[in-house]
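# From the sequence below, what's the structure:
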Amino acid sequence: MDSCESAQQQRVEHAMFSRLVETFCEIDDFCKNFQPQWEALLLTDGALPSKPRGPDPGVSDSEMMLILILYHTSHFRNFKAFYQTIVLGFLRSSFPKAPCYARFIALTKNVWVPLTFFLSSRFGQKTDIYYIDSTPLHVCHNRRIARHKTFKGLAARGKSSTGWFFGFKLHFVFNHVREIVAIKVTPGNISDTTPVPELTKDLMGKLFGDKGYLGKKLAETLLRRGLVLMTRVRGKMKSLPMSFFDKALLNGRNIAETIIGHIKEFSSLRLPKHRSVFNAFTHLTAAIIAYQLNPLSPKQTPVFIP
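From the prediction side, this is the model:
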């Protein structure tokens, strides 16, 4: 019995290591193409680039990106515990020159830009069927708003279905196979409908949302460029005629809430613990990438034959 359990554990560890190597190769290939292009766009005074100051970080940008993404798939609730237990312990052979925790935190802000562009390269396919939703990102308890400093001037007080909060709104557009197609972060006081035109500027087909996206002006704006907005109506409003297939897709709109709940629950996406804006948004980006690399398994889209 012990030998069977040992063999099973070895298979699990081998699968984890294979996935680790596969993800690293994907990130590293991206960085090799991205870094030269990014450095060419940076402003200089015409002089030759100087050597990086300070001690050798011990890990490359691609390794740092991998560590941050791994954290948001690990179910750890504390990055320090994850880094010291997994990176400096279990995966020490994979990161032999990994710096101490404090040094890694100081270096984290350096990979925000490549992480953001890597996320852009991983957006899902355009399928002509999309779901839109938003979620609040609290940065502190409402009682501590006056004393909050980290996101002062960036976060704002807004209201969601669960009540008032102080922070940001994270807006998502998903396709019907549960991949992220577009995202946007806004202050908490921004209406859900405001970022929709920009979020969907390259999309055509049908967009399904909740009652928060209901609006004649928005629907007409999207329709003019080939995107049909479909939502439920309020109270005594007269609903528009809709096919049985469209009704089924609208009834499946809660998949957006399921995906957002999955991202927030399993990626340790909590902004109040951060004391740096750069590190907070770096972790936010890594958490979204973690989902995009391993999205929820899509269910077969129903096909109705008249």
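# what comes up buried for the helix or strand hosting W164?
Assigned by DSSP states H and E, W164 belongs to strand 163-175. Using 16 or more other CB atoms under 10 Å as the test for burial, strand 163-175 gives 165-175. C-beta coordinates here come from the backbone N, C-alpha and C atoms, glycine included.
# Check which helices and strands the very next helix or strand once past it sits against.
Next helix or strand after strand 163-175 toward the C-terminus (DSSP H and E): strand 180-187. Contacting strand 180-187 under the criterion 3 or more CB pairs under 8 Å, 6 or more residues apart in numbering; DSSP states H and E are the following elements: strand 163-175, helix 196-199, helix 277-293.
# Extract the C-alpha set from the first one and format it as CSV.
Spelled out, that is strand 163-175. Extracted in CSV, the C-alpha atoms of strand 163-175 (Å, rounded to 0.1, in the frame of the first residue of the first chain):
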residue,chain,number,x,y,z
GLY,A,163,-22.8,47.4,-0.4
TRP,A,164,-20.4,50.3,-0.3
PHE,A,165,-16.7,49.8,-0.6
PHE,A,166,-13.4,51.7,-1.0
GLY,A,167,-11.2,50.5,-3.8
PHE,A,168,-11.3,49.6,-7.5
LYS,A,169,-13.5,47.8,-9.9
LEU,A,170,-12.1,45.0,-12.1
HIS,A,171,-14.1,44.6,-15.3
PHE,A,172,-14.0,41.4,-17.3
VAL,A,173,-15.1,40.2,-20.7
PHE,A,174,-15.2,36.4,-21.2
ASN,A,175,-15.9,34.3,-24.3
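# For it, which strands pair with it and how are they oriented?
strand 129-140 (antiparallel), strand 156-160 (antiparallel), strand 180-187 (antiparallel) (DSSP bridges).
# for the shortest one, which positions count as buried?
Buried residues in strand 156-160, counting neighbours by 16+ other CB under 10 Å, are found at 156, 158, 160.
# Can you tell me the closest non-neighbouring residue to the last one?
By that I understand S160. Spatially, and ignoring its direct neighbours in sequence, S160 is nearest to P136 (4.5 Å; CB to CB, 6 or more residues apart in numbering).
# For stretch 275-288, give me every contacting residue.
Identification of contacts with stretch 275-288 by CB atoms under 8 Å, 6 or more residues apart in numbering yields 65, 68-69, 71-72, 79, 105, 108-109, 111-112, 115-116, 119, 137, 150-151, 154, 170, 180, 183, 185, 263, 267-269, 271, 274.
# Show me the two of the buried residues of strand 163-175 that sit farthest apart.
Spanning the widest gap among those are F166 and N175, at 31.7 Å by CB to CB.
# Can you read off the pLDDT for I260?
pLDDT, I260: 90.
# hmm, back to that, mind listing which of the contacts of stretch 275-288 are in strands?
Those of the contacts of stretch 275-288 mapping onto strands are 137, 170, 180, 183, 185, per DSSP state E.
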